[in-house]
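Undergrad: need a structure here:
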Amino acid sequence: MLDVTVIEDPEAAAVSLDPIRARLLAELAAAPASAAMLAGKVGLPRQKVNYHLKALERHGLVELAGERRKGNVTERLMRATAASYVISPLALAAVQPDPDRFRDQLSARYLLALGARLVRDVGTLITGATKARKRLATYALDGEVRFASAADRAAFVQELTAGVSALIRKYDAHDAENGRDHRIVVAVHPTVKDPAVEDAAVADQSPTPELENE
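TA: Prediction:
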C-alpha cells in the first residue's frame, strides 16, 4: 500500500468523493476486509457494499488482498491501494488553476494556483516513474516560524527571496546539454491551527504594504 497517491482521472475522482465510498476507502486503508465485514461498519447490506467496492476496484482505488473461505462462500478481501488520496487538478482539466495567468507573489490565490500545479506535476511524475519502475528525485522542506511583527515577516521574505535567487543564479546551467530543468516553489503562509480561533487570529493581522494578504 502506498502512503499517498494522486487521482488524475475525473471518473475516479467522482467515485472517491462519494461519502459511502470514501468511508469504505478509509476502512480498507486501515485493514483488508470483505463486503460482509464492511456491511456492519457502514450500515449497508452486503450486496450494496459489494456494488460500491466494484466501482472502487474498477478505478484502481482498491485491490484484492486475498480470499478466505467462510462456510460455502469464498469472500474476497479488499484493501485500499493507498493510505490517502489527493485529487489532481487534471481531474478538472478545463478549469484547473494556471499560475502563469498572473504573477502576484503577495496573492494568496496565486499561492493556491502554484500549490495546485505542484500537485498536478508531481502526480504526473509519480505516475510516470511508477510505470517505468524508477525512483523520482525530489526534495521538500517544511518548517514553521513565528514572526514577532509584520515588519519581521516582510524582512524574512526579502532575505528568503534574495537567498534563493542567488542559489538559482549560482547553479542554473541553462547551456548544459544533458541537464534537466527543475521547478522550485517556496511558500510562506500563516499556519492553520484550530479553526475556532483561526478567524480571530486572521482578524488581528492588519495587512501591511510590505506583505499584504488577499
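Undergrad: Break down this structure into its helices, ranges please.
TA: Using DSSP state H, the helices of the chain run over residues 10-17, 19-30, 35-42, 46-58, 108-132, 150-171, 195-204.
Undergrad: and the ones you listed as CSV, adding mean neighbour count?
TA: (Each C-beta comes from the backbone N, C-alpha and C, glycine too.) As requested, the helices of the chain are exported to CSV (neighbours: other CB atoms under 10 Å):
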stretch, mean neighbour count
helix 10-17, 16
helix 19-30, 17
helix 35-42, 16
helix 46-58, 17
helix 108-132, 15
helix 150-171, 12
helix 195-204, 9
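Undergrad: which intervals of this structure have sub-threshold pLDDT?
TA: Scanning the chain for pLDDT under 70 picks out 195-214.
Undergrad: I'd like the helices of the chain written out as JSON lines, with distance to D100 added.
TA: Shown next, in JSON lines, are the helices of the chain (distance: least, CB to CB, whole Å):
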{"stretch": "helix 10-17", "distance to D100": "23"}
{"stretch": "helix 19-30", "distance to D100": "33"}
{"stretch": "helix 35-42", "distance to D100": "43"}
{"stretch": "helix 46-58", "distance to D100": "35"}
{"stretch": "helix 108-132", "distance to D100": "9"}
{"stretch": "helix 150-171", "distance to D100": "18"}
{"stretch": "helix 195-204", "distance to D100": "28"}
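Undergrad: quick check: domain ranges of this protein?
TA: 5-85, 94-138, 139-214 (automatic domain parsing).
Undergrad: Now the terminal residues of the first one, how far apart.
TA: The reference is to domain 5-85. Domain 5-85 has its terminal residues 5 Å apart, counting by CA to CA, to the nearest Å.
Undergrad: cool, and stretch 180-192?
TA: OK, stretch 180-192 end separation, CA to CA: 35 Å.
Undergrad: Please state the offset of that stretch from the chain centre?
TA: Stretch 180-192 sits 14 Å away from the centroid of its parent chain (CA atoms, centre = their mean, to the nearest Å).
Undergrad: Buried residues of it, list them for me.
TA: Residues of stretch 180-192 classed as buried by neighbour count (16 or more other CB atoms under 10 Å): none.
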